[in-house]
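> sequence below, structure please.
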Amino acid sequence: MPSRHVSLPRVPTAADERAALEQSLAALRDELELPGEFSPEALAEAASTRPEDPGNDLRDIPFSTLDPLGSKDLDQAFHLTKSRRGVTVRYAIADVPGFVRPGGALDAEARLRGQTIYLPDGSIPLHPRSLSEGRASLLPAEERPAYVWTIELDADGAQTDARVERALIRSRAQRDYASAQREIDGGRADEQLLLLREVGELRIAQERARGGASLPMPEEEVVEDPADGYRIERRSVLPVEDWNAQLSLLTGMAAAELMLAGGTGILRTMPKPDEAAIARFRSQVAALGHPWAPDVEYGEFLHGIDGAAPESVPLLQAASALFRGAGYTPFDGAVPEQPSQAAIAAPYAHVTAPLRRLVDRWGLAICAAISAGTPIPEWARTSLPELPELMRASTQRASRAEASALDRIEAALLAPSLGELRTALVVDASPSRARLLLDDPPVVASAEIADATPGTRIEVRVTAADIATGRISLSAAEADDAEPLAATA
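This next block holds a predicted model:
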């Protein structure tokens, strides 16, 4: 199915307004004290460190990558083959542990950064680009060391075996989501894409059977137009993206099983929502006209929400309260009492994005040792307790930076509309405030509006849009502003 893009009105082309936005985005980095350039020592390590010879040679396997168009930091490559019992999944992950020397300057900077931060005016990478977009990236036609997972699936898509080993690989093709989806929809897909669809659909069925849940949130991307400034694009996720994500989830679940069997590791955990949260959600969705049947699991209910429909936003907002408390749980010896990630409905570990996320480097090194029956590297074992706080701090920093940048973009989109009326969907509400999604442009903002009803549309006036701070102010339309607007659920 084709991707559904919604392009918002562009930021005004007046030089002073565009300069105000660019200045605001630049100031944001200083305000939040975001990382700047890497030290000369870290850059030197990134340019010179050479991983040990993996010993295994899998260059004859035609791996390929699948990412957003134009991506350069390629963490994963896949190859799928039919087996006697089902499908063999090979999933190659960039060998970041081989390029980062424990205790070195690059290791120290990566621990401070924690993860790549994506901002409209350029990302702040976890590793120097010479590494993340060059020497360690699984670029096509380049020989690369990698951690190669081999996972056996049966005819129903259930895992029957898994192992991981370091090996030399060579990716053959760099695919992008939109092109891959067009090839599948147009009947021109090769065997790898057809098998990706088969495995993806089987794994989605497995997820639903075990009670897994996901929020079908539409993606929101800030795009820079060299001629006219920034705009925001919102789109529903393509099926091929879901199928590709299932390969990563499969690998993360296999990694968690290895760690638990080996008695050492770090899991991505999240508790189940408590009864109060479930009851509150039932009440909210019933009020929104989408009652949740008692005999339907909450994961199955969420699967039925159309994330692309604007009317689903209040449902998704309410459901977000069920996805709280995620964190990292390290262990060395005793297995955690609560090892599962509730949304996935299984134990799970982060191991598939080491170029962009710090914790994955530990997961890969630990899993490879357990799989091979060799001692876990001492650097990984002794530093496990530090990771939860490093990741918590970096996640908070990234979330705040990305949200603040989006606020500034949205303020710039609304700046030309001061004093104008706009129609908005009530996403959430308290007795005195409402969270609104404007129809045009589809900007999210809060307003002091009493007794608003989630799921209805109201008319509001844009009273302020400060590009420097990202602050937006909306007020309820006066009775004589326009004809009354019919509220719709």
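> mind checking the end-to-end distance for stretch 134-149?
22 Å (Cα to Cα, to the nearest Å).
> P294: neighbouring residues, count only.
The number of residues packed near P294 is 6, by other Cβ atoms under 10 Å. C-betas here are computed from N, CA, C, even on glycine.
> state the three-state secondary structure for it.
For P294, the secondary structure call by DSSP: H, G, I helix; E, B strand; the rest coil comes out as coil.
> now swap in R268 and tell me
strand.
> thought it was touching A326?
Yes. Counting by Cβ atoms under 8 Å, R268 does reach A326; the two are 6.9 Å apart.
> common neighbours of those two, please.
Q341 (Cβ atoms under 8 Å, 6 or more residues apart in numbering).
> more neighbours: which of those two?
R268 (22 against 13).
> and the gap between R85 and L153?
8 Å (Cβ to Cβ, to the nearest Å).
> pick out whichever of those two has more residues nearby.
Applying other Cβ under 10 Å to R85 and L153 shows that L153 carries more neighbours, namely 24 against 12.
> what is the more buried one paired to in the beta sheet?
Per DSSP bridges, the residues bridged to L153 are V87, Q159.
> residues contacting it?
Contacts of L153 by Cβ under 8 Å, 6+ apart are G86, V87, T88, V89, Q159, T160, V199, L202.
> of those - the most surrounded one?
Neighbour tally across the contacts of L153 (other Cβ under 10 Å): the maximum, 27 neighbours, falls on V89.
> for the closest residue to that one other than its chain neighbours, give me its contacts.
Leaving aside its chain neighbours, V89 sits nearest to I151 (4.4 Å; criterion: Cβ to Cβ, 6 or more residues apart in numbering). Applying Cβ under 8 Å, 6+ apart to I151 gives the contacts T88, V89, R90, Y91, Q159, D161, A162, L250, T251, A254.
> I'd like the distance between I151 and P35.
Distance of I151 to P35, computed by Cβ to Cβ: 35 Å.
> then A92?
A92 is 28 Å from P35, by Cβ to Cβ.
> compare the two (neighbour count), which wins?
A92 (27 against 16).
> what helices and strands are in contact with the helix or strand that one falls within?
Take DSSP states H and E as the rule and A92 turns out to sit in strand 86-94. Judged by 3 or more Cβ pairs under 8 Å, 6 or more residues apart in numbering; DSSP states H and E, strand 86-94 is in contact with strand 76-82, strand 143-154, strand 159-176, helix 191-209, helix 239-262.
> centre of the chain versus the helix or strand following it, how much separation?
Counting by DSSP H and E, the next helix or strand C-terminal to strand 86-94 is helix 96-99. Put simply, helix 96-99 sits 23 Å off its chain's centre (Cα atoms, centre = their mean, to the nearest Å).
> kindly report the same for stretch 118-134.
16 Å.
> also stretch 21-36?
23 Å.
> list the buried residues for the lengthiest helix in the chain?
Assignment by DSSP state H gives helix 387-414 as the longest helix of the chain. Applying a neighbour-count criterion of 16 or more other Cβ atoms under 10 Å, one finds 387, 390-391, 394-395, 397-398, 401-402, 404-414 buried in helix 387-414.
> let me have the contacts of L153 in JSON lines, extended by pLDDT.
JSON lines is the format used below for the contacts of L153 (pLDDT from 0 to 100):
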{"residue": "G86", "pLDDT": "97"}
{"residue": "V87", "pLDDT": "98"}
{"residue": "T88", "pLDDT": "98"}
{"residue": "V89", "pLDDT": "98"}
{"residue": "Q159", "pLDDT": "98"}
{"residue": "T160", "pLDDT": "97"}
{"residue": "V199", "pLDDT": "98"}
{"residue": "L202", "pLDDT": "98"}
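> now, among the contacts of I151, which is nearest to P454?
Nearest to P454, judged by Cβ to Cβ, of those is L250 at 36.0 Å.
> measure the closest one to V148 for me?
As judged by Cβ to Cβ, L250 and V148 stand 14 Å apart.
> also G263?
From G263 over to V148 (counting by Cβ to Cβ), the distance is 24 Å.
> got it, and R408?
In terms of Cβ to Cβ, R408 sits 42 Å off from V148.
> equivalent analysis for I93, please.
Counting by Cβ to Cβ, the gap from I93 to V148 is 8 Å.
> can you check R188 too?
Distance from R188 to V148, by Cβ to Cβ: 28 Å.
> tell me which of the two has more neighbours.
V148 (25 against 9).
> pretty sure that one contacts A94?
No. In this structure V148 lies outside contact range of A94 using Cβ under 8 Å: 11.1 Å.
> per-residue confidence at the residue nearest to A167 when sequence neighbours are not counted?
Spatial nearest neighbour of A167, chain neighbours left out: N56 (3.7 Å); criterion: Cβ to Cβ, 6+ apart. Note on N56: pLDDT of 96.
> count of residues packed around N56?
N56 has 14 nearby residues by other Cβ under 10 Å.
> quick one: it and L168 touch, right?
Yes. Using Cβ under 8 Å, N56 is in contact with L168, at 6.9 Å.
> what ranges does the stretch 251-400 of the chain have for its helices?
Taking DSSP state H, counting those that start in this stretch, the helices of the stretch 251-400 of the chain run over residues 275-287, 298-303, 313-319, 359-372, 378-383, 387-414.
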